[in-house]
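Asker: Give me a 3D structure for the following:
(one chain, ligands or ions: 1)
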Amino acid sequence: MPALVLLGAQWGDEGKGKATDLLGGSVDYVVRYQGGNNAGHTVVVGDQKYALHLLPSGILSPSCTPVIGNGVVVDPSVLLSELSGLNERGVDTSKLLISGNAHIITPYHVSMDKVAERFLGKRKIGTTGRGIGPTYADKINRVGIRVQDLYDESILTQKVEAALDVKNQMLTKLYNRRAIAADQVVEELLGYAEQLKPYVADTVLVLNQALEDDKVVLFEGGQGTLLDIDHGTYPFVTSSNPTAGGACTGAGVGPTKISRVIGILKAYTTRVGAGPFPTELFDEDGEALRRIGGERGVTTGRDRRCGWFDAVIARYATRVNGLTDFFLTKLDVLTGWEEIPVCVAYEIDGKRVEELPYSQSDFHHAKPIYETLPGWSEDITKAKSFSDLPKNAQNYVKALEEMSGAPISAIGVGPGRDETIEINSFL
Ligand code: IMP
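Answerer: Now for the predicted structure:
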């Protein structure tokens, strides 16, 4: 019953796609359990580069069944275009399963996301503008539209009308926008129904049966721990639970079934959108990390904010997720620095603080306390084992492991599928 959760240990964009895909060959099911097309995975297979937003990265492994769980929010137009893009490149997508309970991102959710951000002005979250927050808000408010609603026109119409009754008041009276016609939304959504039908399934049943049959199931988190609605840097977070518990609610699998929780950890730190980020760099080092690391969002094309590794955050991720392992990514990006600072604690109001403060105002003015580790200049992209790494790179990895509270079981040393050092097997 190997059930693995793989999630971002920082603010997302840690290189999860590569890690998931690396396991893809031995995994029977890859499940997304939260988020939507706000995520972005880049997966490099041979000389082909794939940018996935909504589909689980396991879609690229022929032996794997990709699953979109009940906790995901699905924009049908994005899903269908992602599928046809892959089909055009010869990828078979016929095994995909989509939960009938997943919520649908409609055009009005996208509009609400954009106008709400504009309305917030300087206080904006910096969302991806994909309608994620408003769709989850409707889910919690019990006025959401689910995938299964596409197959009952009268229910769909009632639900869209009920949702738009309120939203049109907001759009026209508060945000000064045009109202959205319910019948047009219904027509658009019904237009997707037949194309999606072959994929819609009772994914909770399928996954629990798979686990009973000893299949390997991988739960793939979108975004990252610090973007979690409960455990992240609220309000600068996404509207779902990327942390490990989210895999249980977002896929309908009990916590007793999860055997391993792997945190993907970048060898430095990045963040997209607004919100606190203690180790953020505004100098040429930050610029160099961005350039060398290719730190530009797969989904939004925005430059990522870059900074040194933050061990306080890594420790926090270990705790809130119950991490059993780390997969350290992008170590090669740090090649060439003579010395590499690592944040080991914060200074808050003149005091040294070892753990992430729960208070938002404390975290906003936390200053990083750095320890400096010696760097390396040798090319590490061909390293196949830990001992192939230069001594200083080995020491950097060991130091991170000690500070972060869980073993580093794999290390990414380049973007390619085979540019990974496996230390402990995940299976
Ligand atoms: P939303 O998920 O579009 O509502 O955006 C909320 C916050 O999460 C913003 O700061 C986004 O930049 C951030 N965010 C959402 N998805 C990702 C992701 O996949 N990687 C990194 N940041 C993300």
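Asker: List of residues touching stretch 118-131?
Answerer: Identification of contacts with stretch 118-131 by Cβ atoms under 8 Å, 6 or more residues apart in numbering yields 36-38, 73, 75, 78, 105-106, 109-114, 117, 133, 174-175, 235-237, 272-275, 297, 299-300. All C-beta spots, glycine's among them, are computed from the backbone N, C-alpha and C.
Asker: Report the buried members of those residues.
Answerer: 36-38, 73, 75, 78, 105-106, 109-114, 117, 133, 175, 236-237, 272-275, 297, 299-300 (16 or more other Cβ atoms under 10 Å).
Asker: Those residues in helices, which ones?
Answerer: In helices, defined here by DSSP state H, the members of the buried ones among the contacts of stretch 118-131 are Val78, His109, Val110, Ser111, Met112, Asp113, Lys114, Glu117, Gly133.
Asker: ranges for the helices of the stretch 151-300 of the chain?
Answerer: 153-169, 182-196, 203-212, 244-251, 284-293 (DSSP state H, counting those that start in this stretch).
Asker: and the second one, average pLDDT?
Answerer: Per-residue pLDDT values across helix 182-196 average out to 97.
Asker: what angle do that helix and helix 153-169 make?
Answerer: 130 degrees (axes from the mean of the first three to the mean of the last three Cα atoms, to 10 degrees).
Asker: Contacts only, for Arg315.
Answerer: Contacts were defined as Cβ under 8 Å, 6+ apart; by that measure Arg315 touches Glu355, Leu356, Met403, Ser404, Gly405.
Asker: Need the three-state assignment for the first one.
Answerer: Read that as Glu355. Assigned by DSSP: H, G, I helix; E, B strand; the rest coil, the conformation of Glu355 is coil.
Asker: near the ligand, from the contacts of stretch 118-131?
Answerer: Asn38, Gly133, Phe236, Val272, Gly273 (Cβ under 6 Å from any ligand atom).
Asker: Would you pull up the residue in the protein closest to the ligand?
Answerer: Gly273 (2.1 Å; Cβ to the nearest ligand atom).
Asker: Now that that residue has come up, it's in contact with Phe236, right?
Answerer: Yes. In this structure, Gly273 is within contact of Phe236 by Cβ atoms under 8 Å, at 6.5 Å.
Asker: Can you name the residues of the protein sitting close to the ligand?
Answerer: 11-13, 38-40, 125-128, 130, 132-133, 222-223, 227, 236, 238-239, 272-273.
Asker: Name the residues of the helix or strand harbouring Val44 that come out as buried.
Answerer: Val44 is part of strand 41-45, with elements assigned from DSSP states H and E. For strand 41-45, the neighbour count (16+ other Cβ under 10 Å) marks His41, Thr42, Val43, Val44 as buried.
Asker: Can you give me the domain boundaries for this structure?
Answerer: Domains of the chain are assigned by automatic domain parsing as 3-91+202-422, 103-198.
Asker: from the ones in helices among the buried ones among the contacts of stretch 118-131, which single one is nearest Ile155?
Answerer: Nearest to Ile155 out of these is His109 (Cβ to Cβ; 18.2 Å).
Asker: residues contacting the closest one?
Answerer: Counted by Cβ under 8 Å, 6+ apart, His109 has contacts Gly131, Pro134, Thr135, Asp138.
Asker: now it, nearest residue through space, not along the chain?
Answerer: Gly131 (3.4 Å; Cβ to Cβ, 6 or more residues apart in numbering).
Asker: And that neighbour, how close does it get to Gln223?
Answerer: 15 Å (Cβ to Cβ, to the nearest Å).
Asker: quick one: contacts for Gly224?
Answerer: Gly224 is in contact with Leu7, Gly8, Ala9, Gln10, Trp11, Gly12, Asp13, Glu14, Gly232, Pro242, counting by Cβ under 8 Å, 6+ apart.
Asker: 7 Å - rerun?
Answerer: Gly8, Ala9, Gln10, Trp11, Gly12, Glu14, Pro242 (Cβ atoms under 7 Å, 6 or more residues apart in numbering).
Asker: Over to Thr203?
Answerer: So Thr203 contacts Val67, Gly69, Asn70, Leu97, Ser99 (Cβ under 7 Å, 6+ apart).
Asker: Now do the contacts for the last one.
Answerer: With contact set as Cβ under 7 Å, 6+ apart, Ser99 has these partners: Ile68, Gly69, Asn70, Val147, Thr203.
Asker: go again using 8 Å as the cut-off
Answerer: So Ser99 contacts Val67, Ile68, Gly69, Asn70, Val72, Val147, Val200, Ala201, Asp202, Thr203, Val204 (Cβ under 8 Å, 6+ apart).
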